[in-house]
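Visitor: Test case, fold it:
(2 chains)
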Amino acid sequence: MSGPFAIDCRGLVKTFAGGSVRALDGVSLSIRENEFFTLLGPSGCGKTTLLRLIAGFEQQDAGEIDLHGERLDHLPPYKRPVNTVFQSYAVFPHLTVAENVAFGLEMKRLPRADIAARVMAMLTLVKLDGLGSRRPTQLSGGQQQRVALARALATAPKVLLLDEPLSALDLKLRTDMQIELKRLQSEVGITFVFVTHDQHEALTMSDRIAVMNHGRVLQIGTPEDVYERPTSRFVADFIGETNLLAAEPAGPGLFRLAGGDILQAEPAAASAIAVTLGIRPERAELCASAEGILRGRVEHISYMGTDTTYHLRLTDSGLFRVRTQNRDGALVRVRLGDAVGVRFPPAAVRLLDE
Amino acid sequence: MKPALRRAVLLGPATLWIGLFLVLPLTLMAYVSTLERGPSGGVLWDRHSADAYLQFLFERDLMDRLVLNTDYLHIFARSILLAGVTTLLTLAVGFPTALWMAFQSERLRLVLVFVVTVPFWTNILVRNYAWMLILRTGGTLDWLLTALHLPGPPLEILYTPWATGIGLTYSFLPYMILPIFVSLEKIDRRLIEAAYDLGADRWRVLARVILPLTAPGLAGGAILVFIPGLGAFISPELLGGAKSMMIGGLIQQQFGQSRNWPFGAALAFVLLAMVLLALWAHALRYRRERADE
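Guide: This is a model prediction of the structure:
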């Protein structure tokens, strides 16, 4: 990718409560044009603070933000070509739906006829045709969310910031809106910066994800990158489920577990004395005890429709989960208390940073 | 307990209170206003007459004919004007104050609300006497202006409608600040951020988002200031002097020096009718706005 980034953050630091709380601790990341970029992390990780810095609601203590190659961070929020969709919608209750959508356009002092036409187009885009004269209080949560979207998109901002916009919706509606947001983004061709704590949302919608924790960015990559190739213990554990095993190096590409079992892992290089290995439950499979790399006893079985998770108590190294797809129906081969083996290819074993 | 009995018991205290302290006195006043005045105060309980209401607009000349007399209308007009000006002044001072208060930290907000209500701890008479000392020729304000070497003749504000206006504005300011503050505090901060975000600068955020959302508080404050302002009589009496009498003073005079109870009662009812009409009009407008939604 060449040319300036849509958003380029360098060394952002933001503290609260007189410096005692470091919400952002040196965050640098670049967001490409027309990208659906997600900031993912648990609450308090700094993702919303980063969004508010880009919007201009907060001022950073150190660092810079560029928008398309030009400094953004010294502009007040009303001069930034960036709009926000808030978690609580923040739809103006004293204005009609159409007036809400027209708000940003009126602030730009566009001619009335242009505004009216643009409002109509926006309401069509978010599928709210004919509801323009309603009050927001007469709309459902999902509809209010669409009003907020239309309002933020109406002025054709360079970047749209979305602060957990779907978290207040119920599951069914949320799934619909996820698809809807992707459609909108490809239709309007605007860079979306999406904040969420929901890993599924992040994986399904994003072009790239930045995983954050304690005010730092831990990993940036495509959904596949961060899921299949997590670099740190936190990322592996936060996104999806991972079996974490403590180990120590035992030769090139080899690691010894606490129980003495030796595992092969990728990437091979490790100089640390103690390491953590991560293995996704679905990359492992059950086998006869003698054929297993690891051995244990089935302690619990959770049947979840599409798949089943087997919770094993390993002979020496704690708990291990194995997930199998229920492709052949509920054909039970393994029962509670059975002694089983676990096997997995070396590529499934990830070496993780603390 | 049966539902009907339960309802009666629960409604009882309120009904009794309203009956004893609202309906009964008002009925009594209405009745008094239709009686003839007694020769030395009081009323003749068995002699009815419309004189009290006629007296509001007419007086009898030497030939016992009714002639239009606009003296009382003038007092009403002055009262409405002064109460109106007071409302505007308290609005002008109260809104920025409330706005500033609403955006302070939660702890400071509590302290500020307390500070606003501190004047209520002192008797209103005492506070108006204090204003007399401040405003009189040679008083605190006069002294301050001289000390600042501001040119001009000695201050002559006391015993003018200006002094009444100052006194009323001071007395009623908390009644304006508090409802506006409550309205402002309830505004979702995200709405203000959303307006900034969509390109509105400070003034347009104020005009397009904050003011419309504060409308109920503004209306409430205006009602709380204007209506008692109409009937106020301590400030006009102490600070305004005899030349700028307001309705409150006039009514008080009828029950005091003038010993004309029916006229005093009639005046009170004319005032009440005006206020009710104004509130009714406001309610009608409000209902129409609601219906539009």
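
Visitor: So, low pLDDT: which residues of chain A?
Guide: For chain A, applying pLDDT under 70 flags the ranges A:1-3, A:266-272, A:317, A:329-332.

Visitor: Point out the residues in it that sit beside chain B.
Guide: A:55-57, A:76-79, A:82-84, A:86, A:88, A:90, A:92-94, A:103-104, A:107-108, A:135, A:137-138, A:151-152, A:155 (Cβ under 8 Å from any Cβ of the partner chain). C-beta here means a position set from N, CA and C on the backbone, and glycine is covered the same way.

Visitor: Quick check on those residues: which are buried?
Guide: For these, a burial check counting by 16 or more other Cβ atoms under 10 Å in any protein chain shown picks out A:55-57, A:77-78, A:82-84, A:86, A:88, A:90, A:92, A:94, A:103-104, A:107, A:135, A:151-152, A:155.

Visitor: I'd like to know which of those residues are part of strands.
Guide: Using DSSP state E, the members of these that fall within strands are A:82-84.

Visitor: For chain B, state which of the residues you listed is nearest.
Guide: Minimum distance to chain B across those is 4.8 Å, recorded for residue A:84 (Cβ to the nearest Cβ).

Visitor: Is that closest one in contact with residue B:193, as I believe?
Guide: Yes. Using Cβ atoms under 8 Å, residue A:84 is in contact with residue B:193, at 7.5 Å.

Visitor: Find residues that contact each of these two.
Guide: residue A:55 (Cβ atoms under 8 Å, 6 or more residues apart in numbering or on different chains).

Visitor: give me the element residue B:222 is part of.
Guide: helix B:211-231 (DSSP states H and E).

Visitor: List the ones among the buried ones among the residues of chain A next to chain B that fall in helices.
Guide: Within those, residues falling in helices by DSSP state H are A:55, A:103-104, A:107, A:151-152.

Visitor: Turn those into JSON lines, columns for distance to residue B:109.
Guide: Listed next are those as JSON lines, based on distance: Cβ to Cβ, whole Å:
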{"residue": "A:55", "distance to residue B:109": "26"}
{"residue": "A:103", "distance to residue B:109": "28"}
{"residue": "A:104", "distance to residue B:109": "31"}
{"residue": "A:107", "distance to residue B:109": "30"}
{"residue": "A:151", "distance to residue B:109": "30"}
{"residue": "A:152", "distance to residue B:109": "31"}
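
Visitor: Residue B:49 is in contact with residue B:262, correct?
Guide: Yes. Judged on Cβ under 8 Å, residue B:262 makes contact with residue B:49 at a distance of 7.4 Å.

Visitor: Comparing the two, which residue is more hemmed in?
Guide: residue B:262 (27 against 15; other Cβ atoms under 10 Å in any protein chain shown).

Visitor: which ones are touching that one?
Guide: B:32-37, B:43, B:49, B:51-52.

Visitor: Quickly note the distance from it to residue B:34.
Guide: Residue B:262 is 7 Å from residue B:34, where distance means Cβ to Cβ, to the nearest Å.

Visitor: Which neighbours do those two have in common?
Guide: Contacts common to residue B:262 and residue B:34, judged by Cβ under 8 Å, 6+ apart, are B:49, B:52.
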